Structure formats: C-alpha cells, structure tokens
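>>> following is a predicted model, sequence given first.
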Amino acid sequence: MPATRASVYTALDSVKDPEIPTLSVVELGIVRDVEIEGDAVTVVITPTYSGCPAMRVIEDDITAALNASGVAEVRIKTVYSPAWTTDWIGQAAREKLIEAGIAPPQHSGAHHPVQLKRREPVLCPFCGSPNTSLRSAFGSTGCKALHFCNACTQPFDEFKSI
C-alpha cells in the first residue's frame with residue numbers, strides 16, 4: 001500500500017528526540033513537511049540549532065521508522081530557513097514536558113525580533129511555583145538550563161527558548 005501523508009506522520013510521531021524522549025520530532029516542530037513521489041518519501045526537517053548533536057541520530061531514526069512502516073526509499077532534506085524556534089512546540093507537547101519534570105520554553109517572540117519583552121519567571125514543573133533560580137545555563141543537554149525550585153527544593157531542567 002502506498003504511503004500517505006497521514007501514514008508518514010503517524011510513523012514520524014513514533015520518532016522521539018534522543019535528548020528529550022518525551023517528545024517526538026513532530027511535536028518538537030522540526031518536521032517541516034513531507035513530500036511523497038511514487039514509492040519515495042522525502043521528510044523536510046529543520047534542526048533545532050545548527051550544531052545539534054542529535055540530528056544524525058534523528059535522521060537515522062526517521063529513516064528506520066519509515067522503512068518499518070513500508071516506505072522503501074526515504075530521503076531527508078534539511079532546511080535552515082526560517083530557523084527553528086521553540087515557538088513551534090505546541091501546547092500539548094509543552095504539557096508533556098511539564099509531566100516529565102522539564103519546564104517548557106517561554107515564547108521567544110521570534111516572529112517579532114524587534115519586540116523586547118521581560119523574561120517571565122520559570123515555573124517549577126513539580127509544584128508550579130515561580131520562586132525558582134537559575135543554577136547553570138547548561139542542564140542535562142545543551143538545549144536545557146538547570147534551575148532550582150526554592151519552594152519544593154527540586155532541581156529541574158528548563159527547555160531554553162530559541
């Protein structure tokens with residue numbers, strides 16, 4: 001049976017980000033488009049940032065998932081413009097991050113780069129308190145920062161806004 005957009009997106013939703021396995025590559029917003037030509041499927045992706053060490057693993061996992069769903073020929077096309085932004089992470093995915101103990105990224109305002117806005121407090125994903133403090137600009141991965149909740153005394157990662 002030939003691949004359809006729906007079947008391809010279902011397969012892609014099973015591909016988890018290796019650094020944030022709570023979210024799929026679709027939920028992260030790095031899958032930009034799917035092109036189907038005969039028996040070949042091209043998946044258009046945008047890296048979260050140009051030096052992301054997980055991109056090769058993600059490309060291999062996309063190919064494996066689509067091959068397992070019956071797609072014989074898989075192509076990966078990487079595009080850099082427009083640049084990926086954490087604003088592409090949907091509300092349901094942000095809630096999954098909270099459930100996993102990771103503070104979701106704040107909206108970056110990437111669509112309005114001239115607009116300056118004050119950074120909101122990072123809410124603790126465990127108790128919801130805004131009484132948190134940044135401990136390190138780098139958390140368990142380069143795309144996260146390490147915070148501490150002064151209310152419930154839990155350390156937690158924040159997914160950085162880009």
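Noted; the coordinates are in hand. From a predicted model like this one, the values you see are computed outputs, not experimental measurements.
>>> residue ranges with poor pLDDT in this structure?
Low-confidence segments of the chain (pLDDT under 70): 108-119.
>>> domain-wise, how is it divided?
5-78, 91-159 (automatic domain parsing).
>>> end-to-end on the last one?
From its first residue to its last, domain 91-159 covers 14 Å (Cα to Cα, to the nearest Å).
>>> can you pull out the strands in the chain?
31-37, 40-45, 73-78, 102-103, 132-136, 144-149, 155-159 (DSSP state E).
>>> what is the last one packed up against?
Just to be clear, that refers to strand 155-159. With contacts taken as 3 or more Cβ pairs under 8 Å, 6 or more residues apart in numbering; DSSP states H and E, strand 155-159 sits against strand 102-103, strand 144-149. (Each C-beta comes from the backbone N, C-alpha and C, glycine too.)
>>> and it, how far out from the chain middle?
15 Å (Cα atoms, centre = their mean, to the nearest Å).
>>> contacts for that strand, please.
For strand 155-159, contacts defined as Cβ atoms under 8 Å, 6 or more residues apart in numbering pick out 20, 86, 89, 97, 101-105, 122, 124-126, 135, 139-140, 143-149.
>>> picking up where we left off before, who wins for proximity to Arg5 among the strands of the chain?
Minimum separation from Arg5 across the strands of the chain (Cβ to Cβ) falls at strand 31-37, 5.6 Å.
>>> select the longest helix from this protein.
helix 55-68 (DSSP state H).
>>> centroid residue for the protein?
The centre of the chain sits closest to Leu28, judged by Cα atoms, centre = their mean, with a distance of 2.8 Å.
>>> wait, doesn't it sit right on Thr48?
Yes: using Cβ atoms under 8 Å, Leu28 makes contact with Thr48 at a distance of 7.0 Å.
>>> for Asn131, what are its contacts?
Asn131 is in contact with 121, 124, 149-151, counting by Cβ under 8 Å, 6+ apart.
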